[in-house]
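[1] Using only what follows, build the 3D model:
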Amino acid sequence: MRTLTDMPGSVLFEALIVPHRSLSARGCRWLMLAMAGMCCLIALRFWFLGAWPVIGFCGLEGAAAVFLIHLNNHRAKATELVMLSADTLRVVRTTPSGQRFEVTMASAWMNVLLEESHGRVPRLSLGVRDRRVEVGAALGDIEKRELADALGNALYQARNPVFNRPEPATSPQPGPST
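    The predicted structure is shown next:
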């Protein structure tokens, strides 16, 4: 009898990690328009006050803010896929520009390490001997702990399969006849 962990290529655990963004693309456009409008109003106010050199700085400030919001929205396209099968762990990273990088490691001796540092979000890494790969860099503290627990449970279940083998029915022993 074969179990799920015996089948080659079967996925035991899969997690898709995407950076959290609170605004949609449409919301970012509205935010950038609102910021550009506010910078124009501030520049117009200083123009009427006669402080025309401030207008250049308002323009630079508005352009920098719009550029940074656009850059943040562009980086939201990055993804990270963690897949665990019976024999391998694959981490596939996709950059915002669409380039893919893949790391494959044997899952037989895989360790899930949650490295704590005081006052910082812990670092989640997966390793075999001296080879380590960090996963979930875009996640927060609670999400990293949940991912570490889920990966640890999946590795435990892969290493300790439960076989559903029914026990043969025992027939009652014939007793002395009277």
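[2] What residue spans form the domains of this structure?
    Here the domain parsing of the chain from automatic domain parsing is 11-19+79-159, 25-75.
[3] looking at those domains, which is buried most?
    domain 11-19+79-159 (a mean of 15; mean count of other CB atoms under 10 Å). Yep, even glycine has a C-beta here, placed from its N, CA and C like the rest.
[4] end-to-end on it?
    One end of domain 11-19+79-159 to the other measures 14 Å (CA to CA, to the nearest Å).
[5] Quick one: mean pLDDT for it?
    For domain 11-19+79-159, the mean per-residue pLDDT is 89.
[6] try stretch 68-76
    The average pLDDT for stretch 68-76 rounds to 85.
[7] Same list, the domains of the chain, but as TSV with distance to E167 please.
    Converted to TSV, the domains of the chain look like this (distance: least, CB to CB, whole Å):
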stretch	distance to E167
domain 11-19+79-159	22
domain 25-75	56
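[8] mind checking how far I69 is from K77?
    With distances taken as CB to CB, to the nearest Å, I69 is found 15 Å from K77.
[9] Let me fix that, I meant to ask about S125.
    S125 is 24 Å from K77, by CB to CB.
[10] what's next to stretch 29-41, contact-wise?
    If you take CB atoms under 8 Å, 6 or more residues apart in numbering as the criterion, stretch 29-41 is touched by 23, 58-59, 61-62, 65-66, 69-70.
[11] ah, wrong one, I meant stretch 70-79
    Residues from elsewhere that reach stretch 70-79 (CB under 8 Å, 6+ apart): 16-19, 21, 23, 25, 28, 32, 93-96, 138.
[12] Could you single out the nearest of those to L44?
    M32 (18.6 Å; CB to CB).
[13] Thanks a lot, see you next time.
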